[in-house]
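Trainee: Give me a model of this one.
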Amino acid sequence: MNRPFCADDLELFRQQMADATPLTPSPAMVPERPKPAPYPRPPDLSPPADAPALSHQLAAVTTHDYLLFARPGIQHRVVAELQRGAIEVELEVDLHGLYAEHARQLIAEFLAECARRHIRCARIIHGKGYRSAGAQPVLKQGINHWLRQSEQVLAFCSATRRDGGTGAVYVLLRNPDKQRPRSRR
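Mentor: So this is what the prediction gives:
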């Protein structure tokens, strides 16, 4: 039950608060999902001598618009979470504008860095290949091929629309701590 303030109560309150300093109002902060740290690009972006040959090899790899790969034994629930973008992306790399050989080298370095940092989920932005020769997605084909060859990669799939759609992939990585052989006591 609310009762009105009497003049004596209000005066007493003002006396007690005479030496108080008012707080400055601040807008309520809503925590945002932190963006993953970008992986630096290599400084030299000139084409390597074998760039056309590697691009030609990748053109032979069949790549669909939506990428999806999971090693045997990976739970369907985990793959579904990866497809929904529900697993937090901790590190990302952008391959736009790179030649296939540079991208392959950068992916190898990126996966090694992910293992060093104990990254569980990463995002690789490869683009859709609209500006590639013959409108073939060379980097996307490379990603599809290279990630399947890495034992560190447990699964990968095209990203959700908010994270790049079919121009990016989420990559689920093996826990490096589980790869170490157990010591006998």
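
Trainee: In the chain, where's the longest helix?
Mentor: Assignment by DSSP state H gives helix 100-117 as the longest helix of the chain.

Trainee: and the nearest residue to residue 118 once chain neighbours are set aside, backbone torsions?
Mentor: Once flanking residues are discounted, residue 118 sits nearest to residue 176: 6.0 Å by C-beta to C-beta, 6 or more residues apart in numbering. Heads up, the C-betas are built off the backbone N, CA and C, glycines and all. Main-chain torsions, residue 176, degrees, to the nearest 10: phi -60, psi -20.

Trainee: now residue 15
Mentor: With angles defined as degrees, to the nearest 10, residue 15 sits at phi -60, psi -40.

Trainee: how far away is it from residue 8?
Mentor: Per C-beta to C-beta, to the nearest Å, residue 15 is found 11 Å from residue 8.

Trainee: I'd like to know how many residues surround residue 154.
Mentor: Applying other C-beta atoms under 10 Å, we find 21 residues neighbouring residue 154.

Trainee: which SS class is the nearest residue to it once chain neighbours are set aside?
Mentor: Of all residues not flanking residue 154 in the chain, residue 172 sits nearest, at 4.7 Å (C-beta to C-beta, 6+ apart). Assigned with DSSP: H, G, I helix; E, B strand; the rest coil, residue 172 falls in the strand class.
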